[in-house]
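Enquirer: heads up, no residue letters with this:
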């Protein structure tokens, strides 16, 4: 339901585990890191940013999960979920075939080059 609330202070990260109302969150933030640790929030080091490969892998993983959720037989998606997956498969099939055609040499141009070299 609710998003994760994190308090970042001096290289440490604290996760809020209290009630989701204005006053408790406000008090937790205003008390600072010393009392935050006393309230049971364990300090963890702030993780380093993801590099480009990790970001790409995470994006692919999330896209796969979304597509598999759409393709599932869940009643909330119905026929539209399978239709979206089919359109994406067709799109990537066309894209792949276009890329392959760009990189494969055509046989007609190579045969005409051979004829001109013979003459």
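Expert: That came in fine, so what should we check first? Everything numeric here is computed off the predicted structure, so don't read it as measured data.

Enquirer: and the lengthiest helix in the chain, average pLDDT?
Expert: Across the chain, the longest stretch assigned as helix under DSSP state H is helix 78-103. For helix 78-103, the mean per-residue pLDDT is 84.

Enquirer: what's that helix packed up against?
Expert: Secondary-structure packing of helix 78-103 (3 or more CB pairs under 8 Å, 6 or more residues apart in numbering; DSSP states H and E): helix 52-71. Where you see a C-beta, it was placed from the backbone N, CA and C, and this is true even at glycine.

Enquirer: buried residues in the helix it packs on?
Expert: 70, 71 (16 or more other CB atoms under 10 Å).

Enquirer: next one: the residue positioned nearest the centre of the chain from residue 50, what distance?
Expert: Residue closest to the mean C-alpha point of the chain, counted by CA atoms, centre = their mean, is residue 59 at 2.4 Å. The span separating residue 59 from residue 50 equals 10 Å under the rule CB to CB, to the nearest Å.

Enquirer: how about residue 99?
Expert: Look at residue 99 and residue 50: by CB to CB, they are 27 Å apart.

Enquirer: with residue 79 instead?
Expert: Distance from residue 79 to residue 50, by CB to CB: 36 Å.

Enquirer: equivalent analysis for residue 70, please.
Expert: 26 Å.

Enquirer: appreciated, that's everything.
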